[in-house]
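Engineer: Curious how this folds, go ahead:
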Amino acid sequence: MEFLPSTDLSAIRQAIALAETKTSAEIRVVIEEKCKCDVLDRAAFAFRKLKMQKTEQRNGVLIYVALKDHQCAIIGDIGINRLVENEFWKTLLDEMIVFFSAGQLKEGIISAIHRASLKLAEHFPRNSNDKNELPDDILTKL
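Structural biologist: As a prediction, this is how the structure comes out:
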């Protein structure tokens, strides 16, 4: 992906892996160049396509970014939405946008991953028999 260096993708992947050492929740990141529909609809499509609703505790979180359209969304599964208030996700999106506005895409995504993992750990702490239910790779095409 020419608009995001492989070193940035690697750093984001490492942030996901680190975040998932604190929580049993599963975090995925999708970064596309353009979003040709409503950003929440596209994020929901990606969530379903990646089968994020298949986690045992229904605790998947998707961070979706459409670079050229300057849009982003965060989608949580039903298990998370019962416990984490919408205001938290809105604040996280606002913080990402501040980073993005400063040209710091990688830093904005990593910050969101980190902050989300701390919140998720409150409700979904990692236990000794936890397994990684979803891959940590960053998707750039659906």
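Engineer: use CA for all of it now, contacts and neighbours both
Structural biologist: Noted.
Engineer: can you tell me which residues contact the one residue sitting closest to the centre of the chain?
Structural biologist: Per CA atoms, centre = their mean, the C-alpha nearest to the average position across the chain is that of Ile63, at 2.8 Å. Taking CA atoms under 8 Å, 6 or more residues apart in numbering as the definition of contact, the neighbours of Ile63 are Ile27, Arg28, Val29, Val30, Ala43, Cys72, Ala73, Ile74, Ile75, Ile109.
Engineer: what pairs with it across the strands?
Structural biologist: Val29, Ile74 (DSSP bridges).
Engineer: What's the local residue count around Asp41?
Structural biologist: For Asp41, the tally of surrounding residues (other CA atoms under 10 Å) stands at 12.
Engineer: any idea how far it is from Ala73?
Structural biologist: 10 Å (CA to CA, to the nearest Å).
Engineer: next one: Glu107
Structural biologist: 16 Å.
Engineer: And the two? Which one has more around it.
Structural biologist: In this comparison of Glu107 against Ala73, neighbours counted by other CA under 10 Å, the higher total goes to Ala73 at 20 against 16.
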